[in-house]
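**Q** only geometry, no sequence info:
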């Protein structure tokens, strides 16, 4: 059991580093949390629950993630905002399959626009497949399933 | 000390599973977190602090919890909403009495109604008595003491 | 590695106790989380990022913290409100220098005024230097860097 508990801690550290990279706007480091062929999806809960394919963001490799970062930092015109991720301790699923750890964690992302109060931006849960590599835990897939049916303005930065 | 720290992790896992059951609307599994004679109370902080008995919800056994779940899922007419629990790492109290672990954890519950933005719904702390059983940690009592004096609309689902 | 993970747990306990003291309004206990010559700073992210000195609160010793507590509880006239801290698991930095542990954690503080709904009050991150003492972990410095450029009304209680 102690191993499972320590695994929770490792995943909490992963989530904390992930949040720090996004909130501190070190976007170039964001793809490094993933395996080269990893999937990153941001999907409304309604679609996820009904197994509908439509997703707000669906990236199917680390290359696509780097493209996204290029878009965010170099080309997309958008009003700037700060994000702040508050993430609950991860729930480690027991049925590890083929060396893949399955975990999930509830998150709340708060947004602050210049000169404005902070507001609830996006709440939901991370559903993850994680692989242990020589470079530490890496995401094989992260699906951000958000409750919010109305996404406040356009979602620019990764969740 | 290491044992106390591992206990915190176990309680964090309990809280994460508890949140997942409620947020994923698997309400039938909710009473299973409790002992048969457990108490579940949702009470305003104002009343809790003054030791006043009035509570929004006061269930005094697992049977009453099952009744509540039946009400929620079968009979109460209410506008649907999603909940999302974000819970801080638990604070494990040192004075374990008679085999009962005492712990508390701050929570924020966000609500999302169809077609609407997510909003802060209920914030407060869980005050728990927990017992170790052959089936894992079980709640002997959970008191949800919420700050919000004005509960947004009626509170239907457990906190 | 296991030591680093246990350190995360200890810091999570520190943060949970810290939050409990503030949210339960046991302000007299708040300075005890710090070393005698510790610094406590609450600063807007904009100023922090640009290394500008202006801060909303800048206390440079435990004595100044006790003064502040005296002000809060005895002399400052202000509308009362409840706070609720929800804090993510801490991110422990690897480069421990001179016996100082460096850690950070994202937080969201919710405020509830009498008769009102809870609202997002202040979100940001704690940036900490922590020292191990015979009395447990103590803060050598805590900087609360908040995203919110517009602080809702005046900030009275520590973050």
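**A** Cool, the structure landed. Worth saying up front: this structure is predicted, and the values here are computed from it rather than measured.
**Q** who's in contact with the residue lying closest to residue A:26 once chain neighbours are set aside?
**A** In this structure, residue A:26 finds its nearest non-sequential neighbour in residue A:20, 7.9 Å apart by Cβ to Cβ, 6 or more residues apart in numbering or on different chains. C-beta: built from backbone N, CA, C; applies to glycine. Residue A:20 sits next to A:26, C:91, C:104, C:106, C:125 when contact means Cβ atoms under 8 Å, 6 or more residues apart in numbering or on different chains.
**Q** what does residue A:80 give?
**A** So residue A:80 contacts A:113-114 (Cβ under 8 Å, 6+ apart).
**Q** by residue count, what's the longest strand in chain A?
**A** Criterion DSSP state E: the longest strand present in chain A is strand A:119-133.
**Q** report whether that one contacts chain B.
**A** Yes: under the criterion of Cβ under 8 Å from any Cβ of the partner chain, chain B is reached by strand A:119-133 at A:120, A:122-125.
**Q** list just the nearest of those to chain C.
**A** Taking Cβ to the nearest Cβ as the measure, chain C lies nearest residue A:120 of the residues of strand A:119-133 next to chain B, at 6.3 Å.
**Q** all helices for chain A, in order.
**A** Ranges of helices in chain A, per DSSP state H, are A:2-23, A:45-49, A:62-70.
**Q** my read: residue A:146 touches residue A:122, true?
**A** Yes: using Cβ atoms under 8 Å, residue A:146 is in contact with residue A:122, at 5.1 Å.
**Q** list residues touching both of those two?
**A** residue A:159.
**Q** what about residue A:66, neighbour count?
**A** 16 (other Cβ atoms under 10 Å in any protein chain shown).
**Q** can you check the pLDDT for the nearest residue to residue A:100 once chain neighbours are set aside?
**A** Nearest non-adjacent residue to residue A:100, counting by Cβ to Cβ, 6+ apart: residue A:129, 4.8 Å away. As predicted, residue A:129 sits at a pLDDT of 96.
**Q** bridged to residue A:129, which residues?
**A** Bridge pairing for residue A:129 (DSSP bridges) gives the partners residue A:102, residue A:141.
**Q** remind me which residues of chain A are low pLDDT?
**A** In the predicted model of chain A, residues A:1, A:94-97, A:151-153 satisfy pLDDT under 70.
**Q** can you list the residues of it near chain C?
**A** Taking Cβ under 8 Å from any Cβ, the part of chain A that reaches chain C is made up of A:6, A:9-10, A:12-13, A:15-17, A:19-20, A:23, A:82, A:84-89, A:108, A:110, A:112, A:114-120.
**Q** quick check: PyMOL command selecting the buried ones in the residues you listed.
**A** Here is the PyMOL selection string for the buried members of the residues of chain A next to chain C, based on 16 or more other Cβ atoms under 10 Å in any protein chain shown:
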select buried, chain A and resi 6+9+10+12+13+15+16+17+19+20+23+82+84+85+86+87+88+89+108+110+112+117+118+119+120
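**Q** ok, residue A:2 touching residue B:5?
**A** No: Residue A:2 is beyond contact range of residue B:5, at 10.8 Å (criterion: Cβ under 8 Å).
**Q** who has more neighbours, these two?
**A** The residue with more neighbours, out of residue A:2 and residue B:5, is residue B:5; 19 against 10, by other Cβ under 10 Å.
**Q** wait, what's in contact with the closest residue to that one other than its chain neighbours?
**A** With sequence-adjacent residues excluded and distances taken as Cβ to Cβ, 6+ apart, residue B:5 is closest to residue C:9, at 4.2 Å. Residues counted as contacts of residue C:9 (Cβ under 8 Å, 6+ apart) are A:9, B:5, B:8-9, B:89.
**Q** next one: residue A:64
**A** By Cβ under 8 Å, 6+ apart, the contact set of residue A:64 is residue A:40.
**Q** how close does it sit to residue A:41?
**A** 11 Å (Cβ to Cβ, to the nearest Å).
**Q** identify the contacts common to the two.
**A** Going by Cβ under 8 Å, 6+ apart, no residue sits against residue A:64 while also sitting against residue A:41.
**Q** alright, calling it a day.
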